[in-house]
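Engineer: make a model of this:
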Amino acid sequence: MLGATDGPNPVHPPGYPLWIALGVAGKVLLKWDPYTSFKLAATLASIAEPILFVPLAARWIGARAAWWLALLLGCSPLYWFHSVTALTYTAGSAFATAVAFLCDSALKSPAPRGADRRLLAAALLCGIGTGVRPDLPLWVGPLLLWCARSATPVGRVRAISLMLILIGGWAVLIRFGLYGSGVDSSGALAHTGRMLLATSVFQLGLWDGLLRNGVKTAAYLVWTLGMAALVAPWLWWTAARDLCRHRRDDAMFLLIWLLPALLFNLLIHMTEPGHAIWHLAPLWLLLGVGVASKWPRRATAVLCGGVICATAQFWFYPWRPNPAAPFAKRLIDAKVGYMSRTGLRQIDRRDEIHQPGDFWRTRAHDLPD
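Structural biologist: Modelled structure (predicted):
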């Protein structure tokens, strides 16, 4: 059965049917084990997304700076970590950035027919990507709908209809194909809903829900920003102010791209660092706008410095499961520091410090997976 596995950590329904199909194809056609297929797909997606990010960023900050900003996205520790795992996060993020790139192209297309074609392509990718990450339409669907105003009425109907048809197709496949043979799909999906809401502000309140989700989100973003976290809030504020004054469509574009996933993480569910990957591309783009605004002649050099710092952080951070280390070091290692080269190479030992470092427990921790 695709989309679910046996064992103590099953894939929660609805699962990832297209992603699992890649593993099946690799096993049948190339005689690979599924893990190798998944790892290769994640790595290829992590290469594709920065490449797609370049022309998107170039329209905002210029071509030369865009290349370094895209490299900064790929070298940031959280993204680099997931690029060499067998998880779906980089693939889902690549689809999201591709949809955003096409939506931005549609919004800035000088011809309505060009906008129609780009919007239709965005809808196609959003629909296909739902098979890799069923939550993808939640994060970039609002952006696609907002950018649909640049297309003709017929173009809007075609694009939105195509997206809904593809999403509906995956839903039918999951309901009657993957979970339709002797499996209580309604019960399985209800279990997934309970797992998501168990960490929400509605179940745990403001302290254990909203504040804890916010702290986890901030911790993942600060780790992946690295040294840039020292100036990122200032640069984001500078960029947002300038965009709101002079490029309101671009300001709305970034807000609608960023807000759905961010609100979901804060209010509903934030457990794994991969859940923060949806924020990276729009936040790095906003950072790039701030750099280009503050240092227009030195933007490339500043971003190049950011790439060097990010690479050094991932490559040289001294991660180790040492119960005798100071509390602050154990906490960083347990929660974010394992997203590094040494932590990745010893990822099977993460449990040695993960549970001792889990000092902010809630009743959601006691629920069965």
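Engineer: from Ala159, how far off is Gly141?
Structural biologist: 11 Å (CB to CB, to the nearest Å). Where C-beta positions appear, they are placed from N, C-alpha and C, glycine not excepted.
Engineer: again with Ala58
Structural biologist: 24 Å.
Engineer: quick one: which of those two has more around it?
Structural biologist: For Ala58 versus Ala159, the count of surrounding residues by other CB atoms under 10 Å is larger for Ala159: 28 against 16.
Engineer: pull out the buried positions in the host helix or strand of the more buried one.
Structural biologist: Element membership for Ala159, per DSSP states H and E: helix 153-172. Neighbour-count burial for helix 153-172 flags Gly155, Arg156, Arg158, Ala159, Ile160, Leu162, Met163, Leu166, Ile167, Trp170 (criterion: 16 or more other CB atoms under 10 Å).
Engineer: ok now stretch 312-327, how far from the chain's centre?
Structural biologist: Relative to its chain's centre, stretch 312-327 lies at 25 Å (CA atoms, centre = their mean, to the nearest Å).
Engineer: apologies, that question was intended for stretch 315-331.
Structural biologist: For stretch 315-331, the distance to the chain centre is 26 Å (CA atoms, centre = their mean).
Engineer: adjust the sequence numbering to begin at 830 for everything that follows.
Structural biologist: All right, first residue 830 from here; so that's stretch 1144-1160.
Engineer: any idea which helix or strand comes after the worst-scoring helix or strand of the chain on mean pLDDT?
Structural biologist: Lowest mean confidence among the helices and strands of the chain (mean pLDDT, DSSP states H and E): helix 1014-1026, at a mean of 65. Using DSSP H and E, the helix or strand that follows helix 1014-1026 in sequence is helix 1030-1034.
Engineer: for that following helix, buried residues please.
Structural biologist: Val1030, Gln1032, Leu1033.
Engineer: next one: the last one relative to Pro1102, how far apart?
Structural biologist: The reference is to Leu1033. Leu1033 is 20 Å from Pro1102, where distance means CB to CB.
Engineer: which helix runs longest in this structure?
Structural biologist: helix 863-890 (DSSP state H).
Engineer: as a markdown table, the buried residues of helix 1030-1034 with distance to Tyr918 and pLDDT would be great.
Structural biologist: As requested, these are arranged in a markdown table below (distance: CB to CB, whole Å; pLDDT from 0 to 100):
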| residue | distance to Tyr918 | pLDDT |
| --- | --- | --- |
| Val1030 | 24 | 83 |
| Gln1032 | 25 | 79 |
| Leu1033 | 24 | 78 |
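Engineer: which of those residues lies closest to Ala1069?
Structural biologist: Closest approach to Ala1069 among those (CB to CB): Val1030, at 25.1 Å.
Engineer: double-check the closest one against Gly1043; I have them as touching.
Structural biologist: No. Using CB atoms under 8 Å, Val1030 makes no contact with Gly1043, being 9.8 Å away.
Engineer: common neighbours of these two, please.
Structural biologist: Shared contacts of Val1030 and Gly1043 (CB atoms under 8 Å, 6 or more residues apart in numbering): Leu1095.
Engineer: which residues are contacting stretch 1061-1081?
Structural biologist: 889, 936, 975, 1054, 1083, 1112, 1115-1116, 1118-1120, 1122-1123.
Engineer: point out where the chain drops to low pLDDT.
Structural biologist: Low-confidence segments of the chain (pLDDT under 70): 830-843, 1006-1022, 1024, 1184-1187, 1192-1198.
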